[in-house]
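Visitor: Give me a model of this one.
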Amino acid sequence: MALYEHVFLARQDLAQAQVDALAENATKIVEENNGKVTKVETWGLRSLAYKIAKNRKAHYVMLNIDAPGGVIAELERQTQINEDIIRYMTVKVDELEAGQSVMMRKQDRPDRGDRGPRGDRGDRGPREDRGDRGDRGPRRDEIAGE
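Guide: From the prediction side, this is the model:
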């Protein structure tokens with residue numbers, strides 16, 4: 001059997017229980033057709049890059065599936081019919097990730113390190129000590145003081 005990752009986006013106005021029911025429904029479709037869902041991850045309510053069907057956000061859910069291709073065709077057919085799902089994508093993979101997916105690990109990473117003091121200009125020093133104004137020309141007080 002082949003390995004797949006199936007991600008779908010559910011409408012933003014659904015409750016988390018309804019999103020979980022959609023994931024259970026997809027799992028049921030796969031298992032009824034002799035496939036197996038090895039992992040279900042809910043990534044939560046996330047912002048979309050652009051509006052889709054008047055939605056600015058969507059609930060993201062990913063399923064890792066071990067099933068033949070016909071099962072995926074039936075899953076995608078059922079997903080197209082469901083009006084609570086605004087987008088979906090299924091990708092065939094060589095192997096499934098054992099632990100958390102990258103989307104879940106991204107939240108666990110530590111904050112950025114120290115960036116140094118604000119206004120640090122490295123070895124060039126502060127701008128006013130350099131004496132040049134670059135392409136901007138003389139300052140207003142230099143013109144008024146002539």
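Visitor: what's the helix or strand for the residue most central in space within the chain?
Guide: Residue closest to the average C-alpha location in the chain (CA atoms, centre = their mean): M103, at 6.5 Å. Taking DSSP states H and E as the definition, one finds M103 inside helix 102-105.
Visitor: got it, and D20?
Guide: helix 16-32.
Visitor: the inter-axis angle of the lengthiest strand in the chain versus helix 16-32?
Guide: Criterion DSSP state E: the longest strand present in the chain is strand 36-52. If you take axes from the mean of the first three to the mean of the last three CA atoms, to 10 degrees, strand 36-52 sits at 130 degrees to helix 16-32.
Visitor: Give me the contacts around strand 36-52.
Guide: Strand 36-52 is contacted from outside by 1, 9, 12, 16, 19-20, 23, 26-27, 30-31, 55-67, 86-87, 96, 100-101, 103-104, using CB atoms under 8 Å, 6 or more residues apart in numbering. Every C-beta, even on glycine, is put in place using the N, C-alpha and C of the backbone.
Visitor: so what strands line up beside that strand?
Guide: Sheet pairing of strand 36-52 (DSSP bridges) gives strand 55-67 (antiparallel).
Visitor: After the strand it pairs with, which helix or strand is next?
Guide: Later in the chain than strand 55-67, the nearest helix or strand by DSSP H and E is helix 69-81.
Visitor: Okay, buried residues for that following helix please.
Guide: Neighbour-count burial for helix 69-81 flags V71, I72, E74, L75, E76, T79 (criterion: 16 or more other CB atoms under 10 Å).
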